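Novice: coordinates only, sequence not included:
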């Protein structure tokens, strides 16, 4: 397996990316193609004593920043580290791409360089997230703010196929439609039109799910328009951050609580690991012809290593072929 | 001040409601009108030794359940405890209504019994919620799944006026538009059309806010369509619940952690109180002619007592007159 890694995406490029890639080479027995400024990569590796064994570097001096317009990956920045990575993937030089760079640019590049699976209306950005139970996929989390019912049905099929490979469950992944209540008649126009389409599909559709029950693991695939999916994802992250910060402050408030904190720490570490998004390696760009993984912008080495593992597993599966078949059979969305 | 309390709404009716009302009478020096089955109220009060001093009971034998269609408050259940409460309010027999019953029914009854403020397109359900900083209002949180830009502008005005009374801030409450990013050009059609309207208003509009920053207190009024507002509210609640449950489990995992938990407990209690929604007494139904407060369905005595306090403060303010004036001036939405 050969994973193409954008060495200049995200807040911690390139050092943490190189560390993560080096760990993945050893742990998951894969080869890496790094894209980015070769001199800077070699210098960072040397300074931090990171082995570049089994890593090839494809030079790209340009970098997309968060301020650049996503479309510029196809024009002004068509030779940036992310664009080069996606082009290598499209040309078959590697099996998957991992990037922690601009989400908008990766979506644009994925759609127009790697290209959509035939029949897919819009690729979706789908993070796999920790729940109290098993991990779940949220699809879409922000690629498409405005959606039509048929797009949500495609998201459901793509998410279900992906999750059935990664986290098999008897009867198939439980697919839920994000809604404001669990009754069949809840929601706005989009949800009311989508519900019957999911109901009559061959998916393991469990009906409407409320955001309240998502962190507890009520569904394996949570289907949403990109706007409300984004709100769910970011509220969850923001709430965890806020609570953890307050928890720390409350532990540090007196000598008594400091001693108590030391005693409860081992349990908290287990909890932190359980709820850590870095275990799951980021979001999958579903609906394009080859595996593209969006690592979290603030990923550290472990996050990149996980993302590379996910990319390998995704590339080794025949999920994309299955999505193509499913879309051809029933899920095509008229443009 | 005379607050009308639906004694048969929510999961803990009527005992916790009576306890909360009795506490409010003493704490906030107000009179109460209870609506509901008089015999059951007197029996519950006697059995639980709750004083009914300064409380009048207006008998209503019927109760709305969560299974009843919201519209039935105007027809089959037009004499239920909630409908009677709203009618008393409309007739000027009391200054505000508090109910923990069905949200849909309260919205329907508020709109058609208490009636909308002239010029208001749709009343919104707006909870005041704890953040890491000051409390913030989320408007709308589920009354209107599908919204037009002009509705969001009305929500912004109503929320800003309410919060300027309850939690004054120099320069006016900071109003933020819930969006998938902070840049001006982010969002779907609704947000893109709403942004310039808020920008040119006389509100203290701080631009787009991301769900990630809401729990930290980035804005005093978070404006959203009812669908994504509902997703935000319920994700926040579900994440807090899931974390607290896991925290408890991790504290109980060994003798060591149990001892530690005892030591950190005082700090945790402060944190729990800080983040408790019961402090804020539920959601305000903004856009109707008189103060209507929706208490959380699972409120206990303290929650009802807070809701009654909020109702009193709201009734004592001239927020509704100001909303009427603001809507007449600029916020009217064409139907």
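Specialist: Arrived safely, thanks for sending. This is a predicted model, so every value here is computed, not measured.
Novice: can you map out the strands along chain A?
Specialist: A:2-6, A:31-36, A:55-59, A:96-99, A:124-129, A:136-139, A:174-179, A:204-210, A:221-223, A:283-286, A:292-294 (DSSP state E).
Novice: can you put the ones you listed in CSV and add distance to chain B and mean pLDDT?
Specialist: Yep, even glycine has a C-beta here, placed from its N, CA and C like the rest. Listed next are these as CSV, based on distance: least, C-beta to the nearest C-beta, whole Å; pLDDT from 0 to 100:
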stretch, distance to chain B, mean pLDDT
strand A:2-6, 21, 98
strand A:31-36, 25, 98
strand A:55-59, 30, 98
strand A:96-99, 18, 98
strand A:124-129, 11, 95
strand A:136-139, 11, 97
strand A:174-179, 7, 98
strand A:204-210, 6, 98
strand A:221-223, 10, 98
strand A:283-286, 14, 96
strand A:292-294, 15, 97
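Novice: of all these, which lies closest to residue B:32?
Specialist: Of all the strands of chain A, strand A:204-210 sits nearest to residue B:32, with 32.6 Å by C-beta to C-beta.
Novice: Would you list the strands that that closest one pairs with, along with their directions?
Specialist: strand A:174-179 (parallel) (DSSP bridges).
Novice: that older thread, in TSV, list the strands of chain A along with mean neighbour count.
Specialist: TSV is the format used below for the strands of chain A (neighbours: other C-beta atoms under 10 Å in any protein chain shown):
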stretch	mean neighbour count
strand A:2-6	27
strand A:31-36	25
strand A:55-59	17
strand A:96-99	30
strand A:124-129	26
strand A:136-139	29
strand A:174-179	26
strand A:204-210	20
strand A:221-223	31
strand A:283-286	28
strand A:292-294	29
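Novice: and these as CSV, adding distance to residue B:318?
Specialist: Formatted as CSV, the strands of chain A follow (distance: least, C-beta to C-beta, whole Å):
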stretch, distance to residue B:318
strand A:2-6, 57
strand A:31-36, 61
strand A:55-59, 67
strand A:96-99, 55
strand A:124-129, 46
strand A:136-139, 44
strand A:174-179, 38
strand A:204-210, 36
strand A:221-223, 43
strand A:283-286, 48
strand A:292-294, 50
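Novice: residues contacting the residue in the stretch 1-150 of chain A that chain B sits nearest to?
Specialist: Residue nearest to chain B within the stretch 1-150 of chain A (C-beta to the nearest C-beta): residue A:145, separated by 3.3 Å. Applying C-beta atoms under 8 Å, 6 or more residues apart in numbering or on different chains, we find residue A:145 in contact with A:225, A:226, A:227, A:230, B:180, B:187, B:188, B:189, B:191.
Novice: Tell me how chain A divides into domains.
Specialist: A:1-123+A:287-335, A:125-278 (automatic domain parsing).
Novice: can you tell me how far the residue nearest to residue A:40 when sequence neighbours are not counted sits from residue A:297?
Specialist: Once flanking residues are discounted, residue A:40 sits nearest to residue A:14: 6.5 Å by C-beta to C-beta, 6 or more residues apart in numbering or on different chains. Separation of residue A:14 from residue A:297 (C-beta to C-beta, to the nearest Å): 14 Å.
Novice: Give me the subset of the contacts of residue A:145 lying in helices.
Specialist: Among those, DSSP state H puts A:226, A:227, A:230, B:189, B:191 in helices.
Novice: Contacts only, for the last one.
Specialist: It stands for residue B:191. Here residue B:191 is in contact with A:145, A:227, B:177, B:179, B:208 (C-beta under 8 Å, 6+ apart).
Novice: Against residue B:209, how distant is it?
Specialist: Distance of residue B:191 to residue B:209, computed by C-beta to C-beta: 11 Å.
Novice: Likewise for the second one?
Specialist: The gap separating residue A:227 from residue B:209 is 14 Å, by C-beta to C-beta.
Novice: One more: the third one?
Specialist: Between residue A:230 and residue B:209 the distance is 12 Å, computed by C-beta to C-beta.
Novice: So what pairs up with residue A:34 in the strands?
Specialist: Beta-bridge partners of residue A:34, counted by DSSP bridges, are residue A:5, residue A:57.
Novice: follow-up on the earlier one: list only buried entries from the contacts of residue A:145.
Specialist: Among these, those classed as buried by 16 or more other C-beta atoms under 10 Å in any protein chain shown are A:225, A:226, A:227, A:230, B:180, B:187, B:188, B:191.
Novice: Closest one to residue B:247 out of those residues, please.
Specialist: Closest to residue B:247, out of all of the buried ones among the contacts of residue A:145 and judged by C-beta to C-beta, is residue A:230, at 26.9 Å.
Novice: contacting residues around the closest one?
Specialist: A:141, A:142, A:145, B:180, B:211.
Novice: Ok, residue A:184 next?
Specialist: Applying C-beta under 8 Å, 6+ apart, we find residue A:184 in contact with A:195, A:207, A:208.
Novice: Quick check: it vs residue A:205, distance?
Specialist: 11 Å.
Novice: Identify the bridge partners of the residue most central in space within chain A.
Specialist: With distances taken as C-alpha atoms, centre = their mean, residue A:283 lies nearest the centre of chain A, 0.3 Å away. Note on residue A:283: beta-bridge partners residue A:127, residue A:294, judged by DSSP bridges.
Novice: Tell me which stretches of the stretch 101-250 of chain A form helices.
Specialist: For the stretch 101-250 of chain A, the helices defined by DSSP state H, counting those that start in this stretch cover A:103-109, A:149-166, A:189-199, A:226-251.
Novice: quick one: low-confidence parts of the stretch 201-335 of chain A?
Specialist: Residues of the stretch 201-335 of chain A that meet the criterion pLDDT under 70 lie in A:277-279, A:331-335.
Novice: any shared contact partners between residue B:191 and residue B:209?
Specialist: With C-beta under 8 Å, 6+ apart as the test, residue B:191 and residue B:209 both reach B:177, B:179.
Novice: related to what we said a few turns ago, does the residue nearest to residue A:40 touch residue A:8 like I think?
Specialist: Yes - using C-beta atoms under 8 Å, residue A:14 makes contact with residue A:8 at a distance of 6.0 Å.
Novice: Need the residues touching each of the two.
Specialist: Contacts common to residue A:14 and residue A:8, judged by C-beta under 8 Å, 6+ apart, are residue A:36.
Novice: For burial, what's the neighbour tally of residue A:269?
Specialist: Here the number of neighbours of residue A:269 (other C-beta atoms under 10 Å in any protein chain shown) works out to 11.
Novice: What's the separation between it and chain B?
Specialist: Applying C-beta to the nearest C-beta, to the nearest Å, the value for residue A:269 to chain B is 9 Å.
Novice: Does residue A:152 touch residue A:222 like I think?
Specialist: No - Residue A:152 lies out of contact with residue A:222 (C-beta under 8 Å); the separation is 11.1 Å.
Novice: Let me see the contact set for residue A:12.
Specialist: A:100, A:298, A:299, A:300.
Novice: Among those residues, find me the one that's closest to chain B.
Specialist: residue A:298 (11.8 Å).
Novice: quick one, phi psi at that closest one?
Specialist: The phi/psi pair for residue A:298 (degrees, to the nearest 10) reads phi -100, psi 20.
Novice: hang on, isn't residue A:317 packed against residue A:165?
Specialist: Yes - taking contacts as C-beta under 8 Å, residue A:317 lies within contact range of residue A:165: 4.3 Å.
Novice: Could you report the neighbour count for the spatially closest residue to residue A:10 that is not a sequence neighbour?
Specialist: Spatial nearest neighbour of residue A:10, chain neighbours left out: residue A:100 (2.9 Å); criterion: C-beta to C-beta, 6+ apart. Per other C-beta under 10 Å, the neighbour tally for residue A:100 reads 30.
Novice: can you pick the most crowded of the contacts of residue A:12?
Specialist: Counting by other C-beta under 10 Å, top hit in these: residue A:100 with 30 neighbours.
Novice: got the contact list for the residue nearest to residue A:38 when sequence neighbours are not counted?
Specialist: Excluding its sequence neighbours, the residue lying closest to residue A:38 (C-beta to C-beta, 6+ apart) is residue A:59, at 4.4 Å. Shown in contact with residue A:59 (C-beta under 8 Å, 6+ apart): A:36, A:37, A:38.
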